[in-house]
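> I need the structure of the sequence given here:
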Amino acid sequence: MYQTGFAPTLPIPMTEIEMQSVIEEERRKILLVKSRRILYLVISAIAIMAIMGYSFTVGSSSLSAIDAYKILFNEAFNSLSTVFDFIPYNIFGEFPENYVFIVTELRAPRVLVGALIGALLAIGGCIMQSILKNPLATPYTLGVSSGACVGASLYYIFGISILGGAVGLIGNTFLFSLIPVAVMMLAITRRSVTPVTLVLSGVAFSYVFSSANSIMQYFGSESAVTNVVFWTIGDLTSAEMWMVLPLIVALAVYLTYGLVFGKDMDIMRMGDDTAASLGVNVKLVRSSALIISCLMTAISVACAGPIGFVCLLAPHICRRMVGSDMRWLIPMSACMGSMLLLVADMIAKTVVAPLMLPVGAITALIGAPVMVYMLYSRRGMSS
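Predicted coordinates for the structure are as follows:
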C-alpha cells in the first residue's frame, strides 16, 4: 500500500550557535531603539534651552541669551547666598539694573512658566489618552477647563473669589476646575466606571459649566466679559516669577508618577481583565492617574488659562518618535509640550509686535493643521 499524503515537516531545531545569534540580534535591536529614544530626549532638552534663550532676547533691548541666563543664575545664587554664607553674591558679575529688571520681571516669568505649563499639559494628555483608551482624550475632556472658566467668570463679573487679594483668580479657577474631578472620583469609589462613562460625564460637565459661564456673561459689564473671554483663550501675560517653583514641584511629581506607574499603564492598554490577571490594580492606577492629571492641569489652567492643543498634539507627535512605552513617552511628551508652547509664545510676541497675541490662539492655529495632517497622513490613516 502506497502512502498518498505527505508527512508533516517538523521544524528543524536551531543549534546553540544559531540561538545565540538570534538573541544577539534582538539585543542589538533593543539597544538601537533605546539609543534612539535617549538621543531624542537629549536633542529635545538642548532644543528647549536654545528656544528659551532665544525667547529671552525677543524684545526691544539688546539682551543676549547668555546674559539672560547669567542674570537668572545670579538671582538664584543670590537667593541661596542669604542662607549659605559660602555662596558668593553675583557669581557671574554685575549687570545693569534695567537688564536685571527686564529678565526677572518681564521675560523670565513668561518663558519659564510657559515651558513648565507646556510640559504639564503634554503629560496630562499623554496619561489621559492611555488611561481612557481614547486618542482624543485630554484632561480638558473631563471638564477641567470648563470648571476653571466658571471660576474666572465669578471673579471678573461678580468679584467673587474664594481667596482674597491678587491670588483670587488663581484660587477660583483652581478650585472650580476640581469640581468635575471630585464627582468622578466619588463615582469611581462606589462602582465600576468604564473609560467611556468618564469621557461622557466630562462632556456633560463641560456643557453645564459652559452654560453657566454664558449666563454669567449675559449679566456682566463689557470690560468684565472682555476679561473673561481673553482669559478663556489662554495666555502667559499674567505669569509671575513666584509661579515657577510650584510648577517645578508639580512637574517633578508628575514625572515621578509616570515613571513609577508607566509600566502598569502600558499593561492596561491590553484591557482591564488582562491587566488585573497580570497583577495590576486597575482601579488604583486609573483613579490615581485621573486625580494627578486633572490636579496638575488645574494648576496649569489657574496660572495661564486653558491653553489648548498642547495636551492633544504633543503626545501624538512623540508616539511617532519614541513609541508607546509610557516610561519614555511621558518625558518626551513633556519636552515636546514645552517646545510647542515656547514656539507659540514667540510667535504671539513677534507676529504683530509690539502687540502680544494670546498664546492659546496661536497653539490652536498651529496645532489644528498639524493634527489634521497627522490624521490624514499615510501612517495616521493606517493606525
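> where exactly do the helices run in the stretch 51-200 of the chain?
65-81, 97-101, 108-131, 144-158, 168-177, 179-190, 195-219 (DSSP state H, counting those that start in this stretch).
> quick one: closest of these to residue 340.
helix 108-131 (6.0 Å; Cβ to Cβ). Bear in mind the C-beta positions are built from the backbone N, C-alpha and C, glycine included.
> could you say what helices and strands the closest one packs with?
helix 16-57, helix 244-268, helix 282-304, helix 310-322, helix 326-350 (3 or more Cβ pairs under 8 Å, 6 or more residues apart in numbering; DSSP states H and E).
> any stretches of the stretch 1-150 of the chain with poor pLDDT?
Scanning the stretch 1-150 of the chain for pLDDT under 70 picks out 1-14, 18, 60, 86.
> quote the end-to-end distance of stretch 352-366.
When the termini of stretch 352-366 are compared using Cα to Cα, to the nearest Å, they are 16 Å apart.
> that stretch - what's its average pLDDT?
Stretch 352-366 shows a mean pLDDT of 84.
> what's in contact with it?
Residues external to stretch 352-366 that are found in contact with it (Cβ atoms under 8 Å, 6 or more residues apart in numbering): 60, 114, 230, 233-237, 304-310, 340-341, 343-345, 347-349, 351.
> most packed of the helices of the stretch 51-200 of the chain?
Ranked by average neighbour count under the criterion mean count of other Cβ atoms under 10 Å, those are headed by helix 108-131 at a mean of 27.
> may I have that one as PDB, with CA atoms only?
Taking C-alpha atoms only, helix 108-131 is exported to PDB below (Å, rounded to 0.1, in the frame of the first residue of the first chain):
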ATOM      1  CA  ALA A 108      11.800  85.100  32.500                       C
ATOM      2  CA  PRO A 109       8.400  84.600  34.200                       C
ATOM      3  CA  ARG A 110       6.700  84.300  30.800                       C
ATOM      4  CA  VAL A 111       9.300  82.000  29.400                       C
ATOM      5  CA  LEU A 112       9.800  79.700  32.400                       C
ATOM      6  CA  VAL A 113       6.100  79.400  33.200                       C
ATOM      7  CA  GLY A 114       5.400  78.700  29.600                       C
ATOM      8  CA  ALA A 115       7.900  75.900  29.400                       C
ATOM      9  CA  LEU A 116       6.700  74.300  32.600                       C
ATOM     10  CA  ILE A 117       3.000  74.600  31.700                       C
ATOM     11  CA  GLY A 118       3.600  73.100  28.300                       C
ATOM     12  CA  ALA A 119       5.300  70.100  29.900                       C
ATOM     13  CA  LEU A 120       2.500  69.600  32.400                       C
ATOM     14  CA  LEU A 121      -0.300  69.900  29.800                       C
ATOM     15  CA  ALA A 122       1.500  67.400  27.500                       C
ATOM     16  CA  ILE A 123       2.000  64.800  30.200                       C
ATOM     17  CA  GLY A 124      -1.700  65.200  31.200                       C
ATOM     18  CA  GLY A 125      -2.800  64.500  27.600                       C
ATOM     19  CA  CYS A 126      -0.400  61.500  27.400                       C
ATOM     20  CA  ILE A 127      -1.800  59.900  30.500                       C
ATOM     21  CA  MET A 128      -5.400  60.600  29.700                       C
ATOM     22  CA  GLN A 129      -5.100  59.100  26.200                       C
ATOM     23  CA  SER A 130      -3.600  56.000  27.700                       C
ATOM     24  CA  ILE A 131      -5.900  55.500  30.700                       C
END
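> now that helix: how far from the chain's centre is it?
Counting by Cα atoms, centre = their mean, to the nearest Å, helix 108-131 is centred 2 Å from the centre of its parent chain.
> swap in stretch 99-116?
Stretch 99-116 sits 20 Å away from the centroid of its parent chain (Cα atoms, centre = their mean).
> tell me which residues are up against it.
Against stretch 99-116 from outside (Cβ under 8 Å, 6+ apart): 48, 52, 55-56, 58-59, 61, 63, 67-68, 71-72, 75, 236-237, 239-241, 243-244, 247-248, 250-251, 303-304, 338, 341-342, 345, 359.
> now the buried members of those.
Neighbour counting by 16 or more other Cβ atoms under 10 Å classes 48, 52, 55-56, 58, 63, 67-68, 71-72, 75, 236, 239, 243-244, 247, 250-251, 303-304, 338, 341-342, 345, 359 among those as buried.
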